[in-house]
Structures are given as structure tokens and as C-alpha cells.
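In: no FASTA, just this:
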């Protein structure tokens, strides 16, 4: 009996947020819905007999949804802070890559995937590969992330450095 309850509880904890939200909504209707509605759908007596179960389901699912939302918000804030801090410590090579995006006002650039500087920017979530296929010479399309795009457009001085060149691995490259 106890092991079956534990299995049910563990299964409940593994539910995705959309199912938890559905459980909250259903339990909310059953707990707080008008008696007329409950009579019409034929669940009035079940709700009265097992009200504590619906109440427990409502509270538990609501708490789990709130915890998931809080964790996601905290993780997003941490990611934003990590990217902003990284943008404030760019190397000259990284600045050259990012100057292309801001100087050309484009969200995409072709960069070689075997380049350590490019992979460092990808690992820092500043840019991300936008395609699986590219050329060995011209690279693969990489998009700048929204956080980096907004921040660098707001603070373009972060891209000032030893040179004024930008870098893209397309056939043509130029000055910023």
C-alpha cells in the first residue's frame, strides 16, 4: 500500500508543467466550480466524497507549477547575467566576430565550426549555430542570441578594441 502511494507520488513529480497546469485547472473547477456545473457533468457526489483528494491534488500541483516557474526564472536570470558578464570580457578576436553582427545589423554570420574562438562564443551562449550544413571554406551560419544582440546594440563600445575590423568567414570580409 505505501509503496503504491510512493509510486503515485513519484509519478506526479515527474509530470511536465503543461500536465500540472491541466491538473490545477481541473482540480480548481472541481473544488470551486458551481454546484450546477458539477451536477451537469455528473461529478457532484464524487467531488463531495473525495474533496480532500482534489484539494490535495490542487495544492500539490499548484506548488509544483510555482516551483518550476521560479526555477526557470532564476535560471534565465543566471543565463542573462553570465552572458552579460562574458560580453564585458571579450578578446579582440571575439570582438571582431561580433562587430560583423552589429556593424552590418544582421543576426546571422557565416563562421567556421572548427575555430576555437567561434566555439568559445557558442559555449558562452553568445552565438549559436543556425544550420547543420555549411561549407568548409565559407563556414556555417551562426546567429547571435537575443541577449547578446540587445546588449551589444545598446552598448556598442564593448566592441571597441585594438582594430576596427570585423570577421566573417564568408568569402568577403571588410572593415567596421
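Out: In hand now; what should we look at? Note that the coordinates shown come from a computational prediction; the quantities given were computed from them, not determined experimentally.
In: next, count neighbours for residue 119.
Out: One way to gauge burial is a neighbour count; for residue 119, by other CB atoms under 10 Å, it gives 15. Using the backbone N, CA and C atoms, a C-beta is placed for each residue, glycine as well.
In: and this protein, what are its domains?
Out: Here the domain assignment for the chain is 2-86, 89-159, based on automatic domain parsing.
In: just confirm residue 140 is within a strand.
Out: Yes: under DSSP: H, G, I helix; E, B strand; the rest coil, residue 140 sits within a strand.
In: and the spatially most central residue of the chain, how far is that from residue 125?
Out: A centroid search over the chain (CA atoms, centre = their mean) returns residue 76, at 6.7 Å, as the residue closest to the centre. Distance, residue 76 to residue 125, using CB to CB, to the nearest Å: 12 Å.
In: same check on residue 163?
Out: Residue 163 is 25 Å from residue 125, where distance means CB to CB.
In: and what of residue 11?
Out: Taking CB to CB as the criterion, residue 11 is separated from residue 125 by 33 Å.
In: neighbour count winner among these two?
Out: residue 125 (15 against 9).
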